[in-house]
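Student: what's the 3D shape of this:
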Amino acid sequence: MDVTSFGIDHNKLLRGIYVSRKDTIGSEIVTTFDVRMKEPNREMVMDTSVMHTIEHLMATFFRGHTEWAEKTIYVGPMGCRTGMYVIFKGDLESQDVKDIIRESYDFMANFSGEIPAAKPEMCGNYLDHNLEITKIECKKFLEEVLEQIKEENMVYPRQNEA
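Tutor: Below you'll find the model as predicted:
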């Protein structure tokens, strides 16, 4: 069984943007990114309402972006509640997406107004949102990681590595 994330050393994993996997679909390559907002097993995970709000805001940002709308396949939360998965068309690396991910977090940290699609006819759990805490979490990740992202925030630590 080859599940990429099971080979990552979560005890050493930092917050950042990581290539989780690359898949070939027909003649196209899609790249899944692990946007890790919390250090696994060392920081409190995010509340489901925050993850849900990030999902709505991030999807809105990418689907409405002039350049990235056509490249965006999926935006969704990690089950462990330490980050988000974003899937883009193309054979991409963390360096290729760090600026647009930073832009998306700036958008979310400064978002005001009604959360997109947070209505009963548009969302399966429309009451489970928290914009204010989402903005705090996004601003923290933006300022502490994305604005000065380093190599160690973009390369997975593998298990059994020194």
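
Student: any idea how far Glu143 is from Tyr85?
Tutor: Glu143 is 22 Å from Tyr85, where distance means CB to CB, to the nearest Å. Every residue, glycine included, has its C-beta placed from N, CA and C.

Student: which one's more surrounded, the two?
Tutor: Higher neighbour count among Glu143 and Tyr85: Tyr85, with 18 against 12, using other CB atoms under 10 Å.

Student: which stretches in the chain count as helices?
Tutor: 48-63, 94-109, 131-144 (DSSP state H).

Student: mind putting those into a markdown table with distance to Glu70?
Tutor: A markdown table is the format used below for the helices of the chain (distance: least, CB to CB, whole Å):
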| stretch | distance to Glu70 |
| --- | --- |
| helix 48-63 | 10 |
| helix 94-109 | 13 |
| helix 131-144 | 24 |
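
Student: Gly16: what's it in contact with?
Tutor: For Gly16, the contacting residues are 36, 94, 145, 149, 152-154, by CB atoms under 8 Å, 6 or more residues apart in numbering.

Student: would CSV of those with pLDDT and neighbour count be doable?
Tutor: Formatted as CSV, these follow (pLDDT from 0 to 100; neighbours: other CB atoms under 10 Å):
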residue, pLDDT, neighbour count
Arg36, 98, 25
Ser94, 97, 21
Val145, 98, 21
Ile149, 97, 18
Glu152, 95, 10
Asn153, 96, 18
Met154, 96, 18
